[in-house]
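J.: Any chance you could fold what I've pasted below:
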Amino acid sequence: MNQKINFMILDEVNLNFARILNDVHLENLPNDVMPNFGPKFMEKYIRFLTQNSNGATIVAYHNTKIVGFLCLRFKPLYLRKLLNFKAILYFMNSSRKKPRLILNLIHQLINTSTKIHHTCEIDFFVVSKNYTSKGIGKDLLAEAENCAKKKSFTSISTKTKNRRLLEFYLRVKLASVVSTYSINGQKYTNLRWKI
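T.: Now for the predicted structure:
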């Protein structure tokens, strides 16, 4: 890759930075639930990760532009605990244009992930469309694995509906399929791999 991509692990977040991450997330994965709660919710979520070693947010940037990020969670999180009235209103407004979001939200509220001993979880993984297929995602995953190893985790889990990413996890990470499910005709796969 000709362009130099740098990575940083956030140790704090403010609303402006959370707004940028939220915009990157919405622009590239508009049907994900998380960014449709708005930037203040994103700030609250990242603050949860950075406090008390609950997780890590790894950001990829080119010059000063954020081109991707990955949120790695070390401890259980229940979405209900972060929600407030403003976030719900923001989401309801977003879902008027994308009704599929409501089904995704209901599934996430009902089906919280089960914590597996010595396993951390990738909650969000986004690479800007103009920067895909340049190794940024692979590098973000490597950074996440390094963070996880430093915290004594032995495996990482995640879910995806992206076929290409699923094949990467299976082929390169030698991930095992934990479960599959469908929401509104879209097939999701839960995976785990050793690090």
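
J.: Return the helix or strand in this protein with minimum mean pLDDT.
T.: None of the helices or strands of the chain scores lower by mean pLDDT, DSSP states H and E than helix 100-110, at a mean of 78.

J.: Can you tell me which helices and strands that helix packs against?
T.: On a contact count with 3 or more CB pairs under 8 Å, 6 or more residues apart in numbering; DSSP states H and E, helix 100-110 meets helix 79-82, helix 85-97, strand 176-183. C-betas here are computed from N, CA, C, even on glycine.

J.: Export it to PDB, keeping only CA atoms.
T.: This file holds the C-alpha atoms of helix 100-110, laid out as PDB (Å, rounded to 0.1, in the frame of the first residue of the first chain):
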ATOM      1  CA  ARG A 100     -35.100  -3.000   9.100                       C
ATOM      2  CA  LEU A 101     -33.200  -1.300  12.000                       C
ATOM      3  CA  ILE A 102     -36.000  -2.000  14.400                       C
ATOM      4  CA  LEU A 103     -35.700  -5.800  13.800                       C
ATOM      5  CA  ASN A 104     -32.000  -5.700  14.200                       C
ATOM      6  CA  LEU A 105     -32.400  -3.700  17.500                       C
ATOM      7  CA  ILE A 106     -34.900  -6.200  18.900                       C
ATOM      8  CA  HIS A 107     -32.600  -9.100  18.100                       C
ATOM      9  CA  GLN A 108     -29.700  -7.400  19.800                       C
ATOM     10  CA  LEU A 109     -31.700  -6.500  22.900                       C
ATOM     11  CA  ILE A 110     -33.100 -10.100  23.200                       C
END
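
J.: Just give me how far the helix or strand following it sits from the chain centre.
T.: Counting by DSSP states H and E, the next helix or strand C-terminal to helix 100-110 is strand 119-127. Taking CA atoms, centre = their mean, to the nearest Å, one finds strand 119-127 lying 4 Å from the centre of the chain it belongs to.

J.: who's the residue nearest the centre of the chain bridged to?
T.: The chain has F124 as the residue nearest its centroid, 0.5 Å off, counting by CA atoms, centre = their mean. Judged by DSSP bridges, the bridge partners of F124 are C71.

J.: Tell me who's in contact with it.
T.: H25, D32, M34, F69, L70, C71 (CB atoms under 8 Å, 6 or more residues apart in numbering).

J.: which one of these is nearest I58?
T.: Lowest distance from I58 to the contacts of F124 (CB to CB) belongs to L70, with 4.8 Å.
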